[in-house]
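Q: requesting a structural model of the entry that follows:
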Amino acid sequence: MRNRPTFSESPPPQTKTFWGGIFLITWLSLGTPLLTAATVLHVIPQNASSSDKNSGEADAPFKTISEALKRVQPGQIVRIAAGNYREELQLQTSGTADARIIIEAAPGARVVINGADPVTGWQIKPASSQDAVSNRVEVWSAEMDWVPDMVFVEGRLATVSPQPIPQNPGEYALEGKQPPFRLLLASSRGQSPNDQTVEASRRRSGFIGQGISYVTLCGIEVSGVQGSGINFAAGSFNTVESCIVHHCRIDPETRAAFGIGFGGQSRSSIRRCISVKNSYGISVSGSSDCVLEENISGVNTVDAFLITWKSRRITLRKNYAFDNWAERHPDGLQTYRDVSELTLDSNVFLNVGQGWQCQETQTATVTNNIWAGIHWGYAISCSLRHSTIGVTNRHHVFRNNTFYGGMVLTGGESRFVNNLVIPPALGGCPGGPPIESDYNLLWTDSTYYFRWTKPDGSAGKSSNFKTYQQATRDNLHSQFARPVFRNGPAFFRNLFVQRGKTELKPDRTQLFVGDMNGFAVGDWVEIDCDGTPRQITALADGYATVSPSCEKMPLPNLSFLWNWKQNTNFRLDLRLKPGSPGAKMTRQAQDVGSNVNIQDWMRGDFDGDGTQEAPTLPRELLERHPLLQLERRKS
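A: Okay, here's the model as predicted:
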């Protein structure tokens, strides 16, 4: 068995450390494949001579990707021209160690595997059926013979109407229990859907690689699938690179669906991909020796990253999870069902439900990560509760991580050193084996009680950190002091509503913050990482009056507020300033916490060289999103 990695200090963000000898640069690199004698099969449906009866050569291209995947042989490249491909793709041919199969978008081409079909033939509903609809809205209907999970208007996701007849522009509803169904769509008066591109999701998969190995999928976009976008099952040495998967979803109560999924894979990788607005983001199940590196995952219905079912030696390095919190208890990362030898290195989990929901996971090495903006209570939830399969959370190493918000439960018999923790809610788990903890910087702006178990089994409790140190002989070299970040809020507050109060008053300017300690009129605040500076204009009875007004909170009692005081530059940077408490504090005279520059991760620049490694986003996807500053397509 390979030795579990050890770290003396966190590597700098620009350091790239692949497994020694396991991955070959020839199949992890982007750009021109290193196959000197490879045959290229071309897919160019716009070419007048294209046909699935052709050879696939440049002057005789295929019309469909599906035909190219039937014909491809080891050592060949399938190169796809720009286009909107309404196909379900399945590859059943493997490459070899010396002759990989590569499926790629042509240089500069936007290749979209579209799981949705057009909806046409719109007719305006009779006036009698629109009595409940305002004069500014018209309701249109069209027949269709399938039930969609999603409807898109000009490439943007429409909203399911809470009413049988949609009331607002961009809302839709479905009539009928058997075909033909009628899709109802509300639009602004005078705007006909016959003049727009309206599509409804239909196909249940985007790309499936079943039982294949030595395959690279590169530069493909998958959207509108009622299921998983990209899925590799039972194979090895496969790579998914620079792909964008979005709006691939189905009700998680019905079946699991992933933006990108690996099942039963070994020595495979997912690199520089983007997975947003899917059911789950990126999933690895029953796999070993796989790497997830420099990916972006967020705004998914459930978890941004998911590692499960006896997975071994999975590495997550330099990934970015964001805005994954407002639906169905989503987490930045979830692991469960006997996961071991997991490596988490230099990842950022920002504005997520729980940071890491850790179940039935052992021997994880967790280094140089950032968890910030936690909605569901726990930055790390590695409890010791009973497992039906006999695996509990133990033997983890946490080193040089930054936790800004949420409690930290590390599991049993774990080591916790050189970390920055706000608030200092830290433990192995009540009643569980103690953790070894030292050289950490702990802080909170609120009253906090350190708790421990005395030798006689009774509970110890004190608000004095030195009393805690003396009683436990733990954290003897740690400090309880306020860190000074390069650019961070002065403090944060979770917005829990007290009995008899409302979270947000009807005027949308009075926000309940509870304890007024630390707040002042004139402070600038940010809510749920939305990037909008709001100034406090009044404070009274537990409420802060802010301008501009707030939107309705997505879920009760789950929002948080960051108080930036007089700083209106909300570009978060949780690295320590020189001279801050925690600077040069570790045993090796290095800073505690992570050295990751969050702003680089937001820009998809994972080596800090000023160049975006992540793919360019479609222009219409997540426009003007405060936590994602990627380059956009111009057309």
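Q: number of nearby residues for the spatially closest residue to residue 47 that is not a sequence neighbour?
A: Nearest residue to residue 47 in three dimensions, chain neighbours excluded: residue 61, at 5.3 Å (C-beta to C-beta, 6 or more residues apart in numbering). Every C-beta, even on glycine, is put in place using the N, C-alpha and C of the backbone. By the measure other C-beta atoms under 10 Å, the count of residues near residue 61 is 24.
Q: what does residue 379 give?
A: Here the number of neighbours of residue 379 (other C-beta under 10 Å) works out to 31.
Q: ditto for the one 4 residues further on
A: Neighbour count for residue 383, taken as other C-beta under 10 Å: 21.
Q: sorry, back to before: tell me the contacts of the residue nearest to residue 47?
A: Contact partners of residue 61, counting by C-beta atoms under 8 Å, 6 or more residues apart in numbering, are 42, 43, 44, 47, 49, 50, 54, 81.
Q: which helices and strands sit right next to the helix or strand harbouring residue 216?
A: Here residue 216 sits within strand 215-218, counting by DSSP states H and E. Judged by 3 or more C-beta pairs under 8 Å, 6 or more residues apart in numbering; DSSP states H and E, strand 215-218 is in contact with strand 101-105, strand 205-210, strand 228-236, strand 239-241.
Q: Three-state assignment for the residue lying closest to residue 523 once chain neighbours are set aside, please.
A: Residue nearest to residue 523 in three dimensions, not counting chain neighbours: residue 536, with 4.7 Å by C-beta to C-beta, 6+ apart. Recorded secondary structure, residue 536: strand (DSSP: H, G, I helix; E, B strand; the rest coil).
Q: surely residue 536 touches residue 527?
A: No: counting by C-beta atoms under 8 Å, residue 527 is not a contact partner of residue 536; they are 11.9 Å apart.
Q: where does the stretch 401-550 of the chain have low pLDDT?
A: Where the stretch 401-550 of the chain drops to pLDDT under 70, the residues are 427-434.
Q: poorly predicted segments of the stretch 101-250 of the chain, please.
A: Using pLDDT under 70, the flagged stretches of the stretch 101-250 of the chain are 127-135.
Q: rewinding a little: of the contacts of residue 61, which is the most crowded?
A: Result: residue 43 is most packed of the contacts of residue 61 (other C-beta under 10 Å), 26 neighbours.
Q: contact partners for that one?
A: Residue 43 makes contacts with 50, 56, 61-65, 67-68, 78-81, as judged by C-beta under 8 Å, 6+ apart.
Q: can you flag which of those residues belong to strands?
A: Judged by DSSP state E, strands contain the following of the contacts of residue 43: 78, 79, 80.
Q: and of these, the nearest to residue 466?
A: Set against residue 466, the nearest of the ones in strands among the contacts of residue 43 by C-beta to C-beta is residue 80 (64.7 Å).
Q: list the beta-bridge partners for that closest one.
A: residue 43, residue 105 (DSSP bridges).
Q: then residue 316?
A: Residues in a beta bridge with residue 316, per DSSP bridges, are residue 292, residue 344.
Q: kindly export the host helix or strand of residue 381 (C-alpha atoms) in CSV.
A: Using DSSP H and E, residue 381 falls within strand 378-382. The C-alpha trace of strand 378-382 is given here as CSV (Å, rounded to 0.1, in the frame of the first residue of the first chain):
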residue,chain,number,x,y,z
TYR,A,378,-20.3,23.0,10.4
ALA,A,379,-17.2,23.8,8.5
ILE,A,380,-16.1,20.3,9.2
SER,A,381,-18.6,17.7,10.4
CYS,A,382,-16.5,14.5,11.2
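Q: which elements pack onto it?
A: Secondary-structure packing of strand 378-382 (3+ C-beta pairs under 8 Å, 6+ apart): strand 354-358, strand 407-410.
Q: starting at the chain centroid, how far to the helix or strand following it?
A: As assigned by DSSP H and E, the chain's next helix or strand after strand 378-382 is strand 397-399. Chain-centre distance of strand 397-399: 22 Å, with C-alpha atoms, centre = their mean, to the nearest Å.
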